[in-house]
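[1] the amino acid sequence is not available; the structure is as follows:
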């Protein structure tokens, strides 16, 4: 490359840089973020939804796990006993909702 094709840009120094003192850019004062209000509202809404989900899953697991029903099948003389542990799908439902409520309780950990 020829030196005749190169371009030189001259940047002058400020008085502070010439003396060896650069201007201070960082401050120790905390300034609030202008959009922080709606983020706090979303965080509170998220927390309340998690609490509602915990309550719903615990209520579902408790209701399903503690019910014992006697239902008339055809007439009042033929009755059917129903419990959650009679069918594997109902057993899975109780265990899955209990696990889900435990996971939801653990997901609240960052909020304390």
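    On my side now, so go ahead. Just so we're clear, the structure is a prediction, and the values are computed from it rather than from any experiment. Residues are numbered from 1 along each chain as shown.
[2] for the biggest helix by length in the chain, list every residue counted as buried.
    In the chain, taking DSSP state H as the definition, the longest helix is helix 36-66. For helix 36-66, the neighbour count (16 or more other Cβ atoms under 10 Å) marks 53-54, 57-58, 60-61, 64-65 as buried. C-beta: built from backbone N, CA, C; applies to glycine.
[3] cool, and stretch 68-82?
    Counting neighbours by 16+ other Cβ under 10 Å, one finds that stretch 68-82 has no buried residues.
[4] farthest-separated two in the buried residues of helix 36-66?
    The most widely separated members of those, counting by Cβ to Cβ, are 53 and 65 (18.1 Å).
[5] report the secondary structure state of residue 74.
    When classified by DSSP: H, G, I helix; E, B strand; the rest coil, residue 74 comes out as coil.
[6] residue contacts, it?
    With contacts defined as Cβ atoms under 8 Å, 6 or more residues apart in numbering, residue 74 is in contact with no residue.
[7] against residue 67, how distant is it?
    Distance of residue 74 to residue 67, given as Cβ to Cβ, to the nearest Å: 22 Å.
[8] try residue 79
    Counting by Cβ to Cβ, the gap from residue 79 to residue 67 is 15 Å.
[9] before we move on, what about residue 76?
    20 Å.
[10] before we move on, the earlier item: tell me what the longest helix of the chain is packed against?
    Counting contacts by 3 or more Cβ pairs under 8 Å, 6 or more residues apart in numbering; DSSP states H and E, helix 36-66 is packed against helix 88-107.
[11] looking at it, residue 73 is touching residue 81, isn't it?
    No - using Cβ atoms under 8 Å as the test, residue 73 is too far from residue 81 to be in contact (10.1 Å).
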